[in-house]
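>>> test case, fold it:
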Amino acid sequence: MPRLFTGLEIPSDLASDLGMLRGGISGARWIDTDRYHLTLRFIGDIDYATARDVCGTLEQIRRPAFTVTLEGLDSFGGGKPRAIIAKAKPAAPLVELQAEQERLMRRIGIPPEPRKFTPHITLARLRDASSAAVAAYLTTRGFFSRRFEATRFVLFSARSATGGGPYLVEADFPLG
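Numbers count the residues shown, from 1 in each chain. Model prediction:
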């Protein structure tokens, strides 16, 4: 059974820049730069027949290429931080691409995604990191802003393990 999700790949120069932000938090498990991505739609563990349906359905998407803007560093988890992220601006083309994928996945019987779409790139997963340490990290790293062009989205597969990597591109779908 493959574990699938759709996403945007991160250009290698941007991944290198994001990788330079690593370090400085006890309890952080930093993500390898070659595993950085922006998840659009988690699909989950499905059988191979459904995987073929997913791929065929994603081929129907026709959207223009667009610019993704990273607008700073943040964390998920509030008082119990669980991840350090680079936030992406929820611009219309990005949100609309994600929403179309959500509609199409529901149409073929994939359960709805329960979480609100918050576009981001996960930089580190946190275990027992204090909120004060995370706040200090975010303050010292300053504001991180970069852009990249999304010219395709991909269907990734992952192992069913913590962190899921390595991620493999199973199919790609051009934008534009």
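>>> okay, now the sheet partners of the host helix or strand of residue 6, with direction.
Residue 6 belongs to strand 3-9 when assigned by DSSP states H and E. In the sheet, strand 3-9 lines up against strand 37-45 (antiparallel), strand 152-158 (antiparallel) (DSSP bridges).
>>> so what's residue 83 up against?
By CB atoms under 8 Å, 6 or more residues apart in numbering, the contact list for residue 83 reads 75-77, 122-126. Quick note: C-beta positions are derived from backbone N, CA and C, even for glycine.
>>> repeat that for residue 80.
residue 131.
>>> for it, grab phi and psi.
phi -120, psi 80 (degrees, to the nearest 10).
>>> list the pairing partners of the longest strand seen in the chain within its sheet, with orientation.
In the chain, ranked by residue count with DSSP state E as the criterion, the top strand is strand 66-76. Looking at strand 66-76 with DSSP bridges, its partner strands are strand 83-88 (antiparallel), strand 145-150 (antiparallel).
>>> not counting sequence-adjacent ones, nearest residue to residue 111?
Spatial nearest neighbour of residue 111, excluding adjacent residues (CB to CB, 6 or more residues apart in numbering): residue 44 at 7.9 Å.
>>> just give the number of residues close to the one you found.
Using other CB atoms under 10 Å, residue 44 has 16 other residues around it.
>>> so what's it up against?
3-5, 110-111.
>>> hmm, back to that, how about the contacts of residue 83 in CSV, adding pLDDT, distance to residue 27 and neighbour count?
Below are the contacts of residue 83 laid out as CSV (pLDDT from 0 to 100; distance: CB to CB, whole Å; neighbours: other CB atoms under 10 Å):
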residue, pLDDT, distance to residue 27, neighbour count
75, 96, 12, 20
76, 95, 14, 15
77, 93, 12, 13
122, 97, 15, 19
123, 97, 14, 22
124, 97, 9, 24
125, 96, 9, 17
126, 97, 6, 22
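>>> hmm, what's the outermost residue in the chain?
residue 132 (25.3 Å; CA atoms, centre = their mean).
>>> just the buried residues of the host helix or strand of that one, please?
Assessed by DSSP H and E, residue 132 sits inside helix 131-141. Neighbour counts using 16 or more other CB atoms under 10 Å place 133-134, 137-138 of helix 131-141 among the buried residues.
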